[in-house]
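> predicted model and sequence below, questions to follow.
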Amino acid sequence: MRRAEIFMFVLGVGVVCANVGVALEPKGIVYEAEAISSPADAWVLNESSEDRWRLWTDEPDIERKRSGKAVLASPNVAADRERPEDGAPPLHSVVTDLEPGVYHVYVSNPGGRPLAYSLDGGTWVRHAGSEWSAGAQDIADGRFEFWVDDRYAYPAGNPGPGYYDYVRFVRVPDAARNVERDACWAGLDAWLAKDGRGFSVQAASIEDRVGFEDEGQHLKGEKPGDRFTYVFDRDGTFYMAVVMNDDEDGTEELTASLSGKEIGVIVGDGLGRALFRFKEPLRVKAGDALTFTCGTFVGYYRVEQLVFASEAVMPPPPAFKDVEYWSPTAGAVDVCWTTTSVVATAASSMARPDSIRSPGRTSMPAAIIVFSSEGWIRPLRTRPGLSPSTTALPLSRSCCTSSRRHPRHRPRKSR
C-alpha cells in the first residue's frame with residue numbers, strides 16, 4: 001500500500017507552487033485508489049470493459065496527470081443505473097492506519113463526468129468537476145471507509161469514463177468537529193426575525209479588529225494572527241453561524257474563542273459564499289468577548305455576517321417559484337426559475353406525451369431542472385427522440401437556461 005505524506009512548498013517570493021504538481025503530489029496523507037479498494041476483481045489492467053473498472057497505467061502523460069502513475073477509470077455510462085451493482089462493481093475503499101484525529105477528507109477529481117460517492121454504502125452523492133470533499137471527519141480509531149460507484153451517466157455529448165485516483169487526508173484542529181458547512185439561503189434575516197428567533201451582526205460593523213479591514217460588505221483578513229472581536233450586549237443561549245466567502249486560493253482556518261476559550265474552528269475547503277454553523281450552543285453574558293482569529297495563509301478571509309439564534313441555524317428545504325418556459329423554435333425549450341437556496345443535483349430531460357407544446361408539433365421534451373452552484377449557463381436544449389438522460393448543470397438561486405437574464409423579464413411564450 002502506498003501511503004505518502006506530502007506538503008506544498010513555497011518559493012522565495014512566497015508563492016505557493018501547487019497547480020502544476022497537484023496530480024503528482026496532492027496535499028496531505030495520500031492513499032492510491034487501487035491500493036485500498038476491493039473487490040480485487042472489480043477492475044482489469046489497461047482494458048476497457050462494460051462491467052469492470054479499468055486500472056489504467058499506460059494513459060498518455062500519466063506521470064503528470066495521476067498520483068501514483070495509475071488511475072481507476074469507470075466504464076462509459078450512457079444512462080443512470082438503477083442499482084449500485086449494475087455496471088462495474090462499487091469500490092469499497094478502506095484506510096486503517098491513520099493517526100487518531102480530525103481530518104478533512106478529499107477524493108480525487110473524477111473529471112467532467114460524474115461518479116457516485118457514499119460514506120455508508122447506501123446513500124449516494126453525485127459529483128463531478130473537482131475533488132469530492134467528505135468534510136471534517138473525526139477518525140478516532142484510525143479507520144475510514146467509503147464507496148465509489150459508476151452510477152451516473154456522462155453529460156450529453158461528452159462520453160467517457162469517470163476517474164478515481166486517490167483519497168487524501170488533511171489534519172485539521174480537533175475543534176473543527178464542532179462546525180459544519182451549509183448553503184446560505186435567501187430569507188435568513190426574515191427567518192431570524194420570525195418569532196424572535198435571534199439576531200445577526202454585520203461583520204463590517206465590528207470595530208475591534210487587528211489586521212482585518214472593512215471591505216464594505218465584509219471584513220477582510222489576510223494572514224495568520226489577524227483577528228476581530230464581537231462583544232455581546234445581552235445575556236442568552238445562542239446557536240451561532242458565520243457567513244463568509246470561501247477563498248479558492250487555499251484552506252481557511254478561522255478559530256472562534258469565547259472569553260479566551262476555543263469553541264470551534266471554521267475550515268473553508270470549498271468555494272464561494274457559505275454558512276458555517278456551530279453545533280453546540282453558546283451560553284453568554286453581556287460583555288463576553290467572541291474573537292475570530294486567522295490560522296492559515298490564504299488569499300483572503302472574507303467574513304460577512306455573524307448569526308445568533310435560539311435554535312440551530314439550518315437551511316430550510318428550497319422553495320422554487322417564478323418558473324417560466326417558452327419554445328423559441330420547434331424542438332427546443334428555455335426554462336427560467338428562482339429558488340431560495342442553492343441546491344446540488346442535476347438536470348434531467350425526457351420526452352413526455354403531455355409536455356410543453358410548440359408550434360407545429362404535438363409535443364416536445366420536458367425539462368425537469370434543479371441546480372448546483374452560482375452562475376448563468378447556456379440554454380438547455382432538448383430535442384425530440386432523446387432517451388432519458390441526466391446532466392450536471394452549474395446553476396444558481398436565480399437562474400435561467402436561456403440568454404434572457406431573469407425569469408421576471410417575463411418572456412413571451414410560444415403557443
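The structure has been received and is ready for your questions.

> low pLDDT regions in the stretch 201-350 of the chain?
Within the stretch 201-350 of the chain, the stretches with pLDDT under 70 are 248-249, 270-271, 331, 333, 339-350.

> could I get the full set of strands for it?
209-210, 213-214, 219-221, 227-231, 236-246, 252-258, 261-268, 272-278, 282-284, 289-294, 301-309, 320-326, 334-339, 347-350 (DSSP state E, counting those that start in this stretch).

> can you list contacts of the first one?
This means strand 209-210. Leu219, Gly225, Asp226, Arg227, Phe228, Thr229 (Cβ atoms under 8 Å, 6 or more residues apart in numbering). Backbone N, C-alpha and C define where each C-beta goes, glycine included.

> burial of the closest residue to Trp337 other than its chain neighbours, as a residue count?
Distance criterion Cβ to Cβ, 6 or more residues apart in numbering; nearest residue to Trp337, sequence neighbours excluded, is Val323 at 4.5 Å. By other Cβ atoms under 10 Å, 12 other residues sit near Val323.

> hang on, Ala193 in a helix?
Yes: judged by DSSP: H, G, I helix; E, B strand; the rest coil, Ala193 forms part of a helix.

> quick one, which of the strands of the stretch 201-350 of the chain is nearest to Phe146?
In terms of Cβ to Cβ, the element of the strands of the stretch 201-350 of the chain nearest to Phe146 is strand 261-268, at 18.9 Å.

> on that earlier part again, max pairwise distance over the contacts of strand 209-210: which two?
Leu219 and Gly225 (14.7 Å).

> who has more neighbours, these two?
Legend: neighbour count by other Cβ under 10 Å for Leu219 and Gly225, higher for Leu219 (25 against 11).

> that one touches Glu207, doesn't it?
No: under the criterion of Cβ atoms under 8 Å, Leu219 is not in contact with Glu207, lying 10.3 Å apart.

> and the residue nearest to Trp337, how far from Val335?
Per Cβ to Cβ, to the nearest Å, Val323 is found 7 Å from Val335.

> end to end, how far does stretch 161-174 reach?
37 Å (Cα to Cα, to the nearest Å).

> now what about stretch 260-268, what contacts it?
104, 136, 172-173, 175-176, 178-179, 242, 244, 246-247, 251-257, 274, 276, 278, 280, 282, 289, 295, 298.

> please indicate which of those residues are buried?
Buried members of the contacts of stretch 260-268, counted by 16 or more other Cβ atoms under 10 Å: 104, 136, 172-173, 175-176, 178-179, 242, 244, 246-247, 251-257, 274, 276, 278, 282, 295, 298.

> verify the stated contact: Met314 with Leu275.
No: here Met314 does not reach Leu275: they are 9.4 Å apart, not a contact under Cβ under 8 Å.

> quick one, which of these two is more surrounded?
Leu275 (22 against 14).

> rewinding a little: overlap in contacts, Met314 and Leu275.
Asp182.

> the protein: helices as residue ranges?
33-36, 62-65, 188-193 (DSSP state H).

> do you know how far the residue nearest to Trp337 is from Ala330?
Following Cβ to Cβ, the distance that separates Val323 from Ala330 is 21 Å.

> cool, Met244 as well?
In terms of Cβ to Cβ, Met244 sits 47 Å off from Ala330.

> also Ala286?
With Cβ to Cβ as the criterion, Ala286 and Ala330 are 67 Å apart.

> who's more crowded, the two?
Neighbours per residue (other Cβ under 10 Å) separate Ala286 from Ala330, with Ala330 holding more: 13 against 10.

> who's Leu45 bridged to?
Leu45 has these beta-bridge partners by DSSP bridges: Leu55.

> which residues does Thr123 contact?
By Cβ under 8 Å, 6+ apart, Thr123 lies in contact with nothing.

> would you list the phi and psi of it?
Dihedral pair for Thr123: phi -110, psi 120, per degrees, to the nearest 10.

> so what pLDDT did it get?
pLDDT, Thr123: 91.

> where's it relative to Ala286, distance?
From Thr123 to Ala286 the distance is 44 Å (Cβ to Cβ).

> which residues does Gly87 contact?
Glu50, Asp51, Ser74, Pro75, Val77, Arg81, Asp149, Asp150, Arg151.

> so it versus Pro161, what's the distance?
Distance from Gly87 to Pro161, by Cβ to Cβ: 11 Å.

> okay, and the common contacts of these two?
Jointly contacting Gly87 and Pro161 under the rule Cβ under 8 Å, 6+ apart are Ser74, Pro75.
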